[in-house]
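Q: coords below, sequence missing:
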């Protein structure tokens, strides 16, 4: 085996992202030694049973003591508490990063508590599934995905390079961005879709009982596509909403304005306007498929599973 | 080969649904002879090149002359025109059905023009993909899906049975419903999700150019799930909006009310309310998977395609 990129890596938080990192680090030999820390004794025991690291501890402070690279994978609302805990225990030259879905808030929460002798570089691997917890992770999660770094001005260039190389070794392409711009782009690419999905599933859940059971029965006609996002980790998404409020409210306002206009077209039977919108939106899907960000199989390829017993609605 | 269910079948319209019917009829030997009719010479030539039937003609009237079963698969707004054309040419005992996504409007449009010596039974196979046209169809489209029939009172019970058996032979489970109730259930299970998806993709399409290209780049973080529905056939969906207006406006009003309330929780930082909604919605996804109406693979199983060249965002 070649020399690992980092001698000691500390993973703070071991959910979907943390445990996927543990797996890709092991699979590609990116670290000499991996310490896993999480507050919950139960989650830590699960991580240990899955053999995700070399050492396990409930103290974040203890976990980072020897670390060359610290990756914080917790709901963004917990970022400041973690930074306060680990700050005094970081060794000189240590790189500290995170994986949160909002960046300006994380920078505000963490940067003040990281000592000058360490390098803080906020990051966001744009990857995930609707599942959560240590068992949900897999080594290929970051393969062919993007990882966005939002370093502050004056950050050590060598540290940024080393962190970029780490994400590339995980299979990702690294992009760099200003934290505020990141938050605006992700508000429309990720946060608004999740909020809309949670909302429509909530609307259906509130329907009279008989109708609700029928929505489930006939969900293959559209509704089910929204339920995947609406099954994502609730705590993570509560924190995203609270920590990217301004950009989300801006995108929600645009969305609602457009929806009112669409609703008006339906009410007044303006078929031309409906046809114009419904035609225009096909172009965006083509662009996404051309950019390699989705499969072009009909129905996301679900029909390839049609012979499995779970797909039979007897 | 056993005796086919119907001697002569006429398929009016040969898009995704019509061409899937042609394929399953051929695969399972459900008809002695299949006539395909569509207005567009180009589409008809495509159907012929794909060898989807035995006879091909541009006249709907001519196509139904000998038919025992006529299946009309056109955008719902074209239903009345087709009924007027075929009505006078139907032979005694012929069963006429359709596959439209709205039912009350189709019944209003078609029933008056079908002669008493034929049997009109409106229907809706709850199946489809985002693709359209004769080449997009496949024989398994209806497998393990539901087909809803909405016969009028007094319809010949034997005709309903024969049509039900036909759909069962196509792989579907048949349900029966009042047309108005169908339209309400599908408004939330199918129509609202499509409208919301079209709307959010439209909102993204209107963004400043640089942000729009970034939405495409980072769409795997949520946005892309909406684009599949928003790539569906524009004419079909314009007609659905125009022909199920009342139920759609009712569901849109509920959705918007809920969204305003959610937006307020975000603005005022009401984390408990957000967490409550985001937790509750997981239950609906579980129900859909238990009902066999979606795959429980993370990310719809997209990661199984990760090694294909099209998935690499170089």
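A: Received, thanks. Nothing here was measured: the structure is a model prediction, and the numbers come from that model. Numbering: from 1, shown residues only, chains lettered A, B, ... in the order given.
Q: drop to CA atoms for contacts and neighbour counts, all remaining ones
A: OK.
Q: Go ahead and confirm residue A:271 touches residue B:242.
A: Yes. In this structure, residue A:271 is within contact of residue B:242 by CA atoms under 8 Å, at 7.2 Å.
Q: Settle it for me: which of those two has more neighbours?
A: Neighbours per residue, other CA atoms under 10 Å in any protein chain shown: of residue A:271 and residue B:242, the larger number sits with residue B:242, 22 against 16.
Q: For my notes, confirm the more buried one occurs in a helix.
A: Yes. Counting by DSSP: H, G, I helix; E, B strand; the rest coil, residue B:242 falls inside a helix.
Q: State the pLDDT value of it.
A: According to the prediction, residue B:242 has pLDDT 98.
Q: What residues does the closest residue to residue A:236 other than its chain neighbours make contact with?
A: Leaving aside its sequence neighbours, residue A:236 sits nearest to residue A:75 (CA to CA, 6 or more residues apart in numbering or on different chains; 4.8 Å). Residue A:75 makes contact with A:100, A:235, A:236, A:239, A:240, according to CA atoms under 8 Å, 6 or more residues apart in numbering or on different chains.
Q: Looks to me like residue A:39 is in a helix.
A: No. Residue A:39 is assigned coil when assessed by three-state DSSP, not a helix.
Q: What is the burial count for it?
A: Burial of residue A:39 is recorded as 14 neighbouring residues (other CA under 10 Å).
Q: I'd guessed it sits against residue A:61; true?
A: No. Contact criterion CA under 8 Å: residue A:39 and residue A:61 do not qualify, at 11.3 Å.
Q: of the contacts of residue A:75, closest to residue A:4?
A: Closest to residue A:4 out of the contacts of residue A:75 is residue A:100 (25.1 Å), distances taken as CA to CA.
Q: Let's verify the closest one: helix, strand, or coil?
A: Secondary structure for residue A:100, judged by three-state DSSP, is coil.
Q: wouldn't it be in contact with residue A:121 here?
A: No. Look at residue A:100 against residue A:121 with CA under 8 Å: they stay out of range, at 11.8 Å.
Q: Compare the two and say which is more crowded by neighbours.
A: Set residue A:100 next to residue A:121 and count neighbours by other CA under 10 Å: residue A:100 wins out with 24 against 21.
Q: quick one: that one from chain B, how far?
A: Distance of residue A:100 to chain B, computed by CA to the nearest CA, to the nearest Å: 12 Å.
Q: Around residue A:65, how many other residues sit close by?
A: Neighbour tally, residue A:65, other CA under 10 Å: 17.
Q: Can you tell me, leaving aside adjacent residues, what's nearest to residue A:254?
A: Nearest to residue A:254 is residue B:203, by CA to CA, 6+ apart, at 6.7 Å.
Q: I misspoke; the intended subject was residue A:6.
A: Of all residues not flanking residue A:6 in the chain, residue A:31 sits nearest, at 4.9 Å (CA to CA, 6+ apart).
Q: separation between the one you found and residue A:67?
A: Distance, residue A:31 to residue A:67, using CA to CA, to the nearest Å: 10 Å.
Q: And residue A:251, by the same measure?
A: Taking CA to CA, one finds residue A:251 at 39 Å from residue A:67.
Q: can you check residue A:175 too?
A: On the measure of CA to CA, residue A:175 and residue A:67 end up 25 Å apart.
Q: Of the two, give the one with the bigger neighbour count.
A: Applying other CA under 10 Å to residue A:175 and residue A:67 shows that residue A:67 carries more neighbours, namely 26 against 14.
Q: Check what pLDDT that one gets.
A: 98.
Q: helix/strand/coil for the closest residue to it other than its chain neighbours?
A: Residue nearest to residue A:67 in three dimensions, not counting chain neighbours: residue A:8, with 4.7 Å by CA to CA, 6+ apart. Here residue A:8 is strand, with the state taken from three-state DSSP.
Q: Next: residue A:214.
A: Residue A:214 ends up helix, using three-state DSSP.
Q: Share the number of residues neighbouring it, please.
A: Neighbours of residue A:214 (other CA under 10 Å): 15.
Q: hang on, the earlier thing: what does the residue nearest to residue A:6 show for phi and psi?
A: Phi and psi for residue A:31, reported as degrees, to the nearest 10, are phi -140, psi 150.
Q: what sits against it?
A: By CA under 8 Å, 6+ apart, the neighbours of residue A:31 are A:4, A:5, A:6, A:7, A:8, A:9, A:25.
Q: Relative to chain B, how far out is residue A:57?
A: Look at residue A:57 and chain B: by CA to the nearest CA, they are 28 Å apart.
Q: ok, now how distant is that residue from residue A:8?
A: In terms of CA to CA, residue A:57 sits 15 Å off from residue A:8.
Q: Report the buried residues of stretch A:190-202.
A: For stretch A:190-202, burial by neighbour count (16 or more other CA atoms under 10 Å in any protein chain shown) applies to A:190-202.
Q: filter these down to the ones close to chain B.
A: Among the buried residues of stretch A:190-202, the ones lying near chain B by CA under 8 Å from any CA of the partner chain are A:190, A:191, A:193, A:194, A:196, A:198, A:199, A:200, A:201, A:202.
Q: Which helix or strand contains residue A:269?
A: For residue A:269, there is no helix or strand it lies in under DSSP states H and E.
Q: Against residue A:280, how distant is the spatially closest residue to it that is not a sequence neighbour?
A: Closest residue to residue A:269 apart from its sequence neighbours, by CA to CA, 6+ apart: residue B:242 at 5.8 Å. From residue B:242 across to residue A:280, the span is 19 Å (CA to CA).
Q: try residue A:135
A: According to CA to CA, residue A:135 and residue A:280 sit 41 Å apart.
Q: How about residue A:169?
A: Residue A:169 is 38 Å from residue A:280, by CA to CA.
Q: One more: residue A:253?
A: 21 Å.
Q: Those two: who's more crowded?
A: Between residue A:253 and residue A:280, counting by other CA under 10 Å, residue A:280 is the more crowded of the two (17 against 14).
Q: Is it correct that the more buried one falls within a strand?
A: No. Looking at residue A:280 with three-state DSSP, it is helix, so not inside a strand.
Q: Just give the closest residue to it, not the sequence neighbours.
A: residue B:202 (7.6 Å).
Q: Now do the same for the one you found: its pLDDT.
A: Reported pLDDT for residue B:202: 95.
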